[in-house]
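Peer 1: Pasting the sequence and the predicted coordinates here, then a few questions.
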Amino acid sequence: YMQEYLGCLKQEKDMHHKCRDLSRNYLECRMERQLMAKENLDDMGFSKDAKVEGEVQVYDKSKEKDGFIAGKHIDKPTKWWFQNFFR
């Protein structure tokens with residue numbers, strides 16, 4: 001199941017919602033072989049309510065392409081010594 005799931009991710013350009021069924025099968029296989037703890041897959045986002053329908057909007061990283069760095073705009077004093085140490 002792992003190879004099928006990874007192949008699907010590669011084919012779908014890491015759009016994991018398109019490989020949902022393979023992901024579920026892969027996790028069930030791991031649980032059956034005791035490679036991970038048994039969990040309710042509905043609680044892990046595999047319920048019918050959590051299924052992604054229609055087209056998904058993909059973030060184009062336009063801010064990052066323009067040089068945006070998260071948190072860099074914050075210029076206030078910090079209370080931890082190590083936060084100022086690396087500036």
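Peer 2: Happy to help now that I have it.

Peer 1: what residue is smack in the middle of this structure?
Peer 2: His16 (8.2 Å; C-alpha atoms, centre = their mean).

Peer 1: For that residue, give its distance to Leu27.
Peer 2: 12 Å (C-beta to C-beta, to the nearest Å). Bear in mind the C-beta positions are built from the backbone N, C-alpha and C, glycine included.

Peer 1: Give me the spatial nearest neighbour of Met44, chain neighbours excluded.
Peer 2: In space, and not counting its chain neighbours, Met44 is closest to Leu27: 7.2 Å by C-beta to C-beta, 6 or more residues apart in numbering.

Peer 1: neighbours around that neighbour, how many?
Peer 2: Here the number of neighbours of Leu27 (other C-beta atoms under 10 Å) works out to 18.

Peer 1: Just say helix, strand or coil for it.
Peer 2: Here Leu27 is recorded as helix under DSSP: H, G, I helix; E, B strand; the rest coil.

Peer 1: who's in contact with it?
Peer 2: Met36, Leu41, Met44 (C-beta atoms under 8 Å, 6 or more residues apart in numbering).

Peer 1: Assign the last one to helix, strand or coil.
Peer 2: Following three-state DSSP, we place Met44 in the helix state.

Peer 1: Give me the pLDDT value at it.
Peer 2: pLDDT recorded at Met44 is 87.
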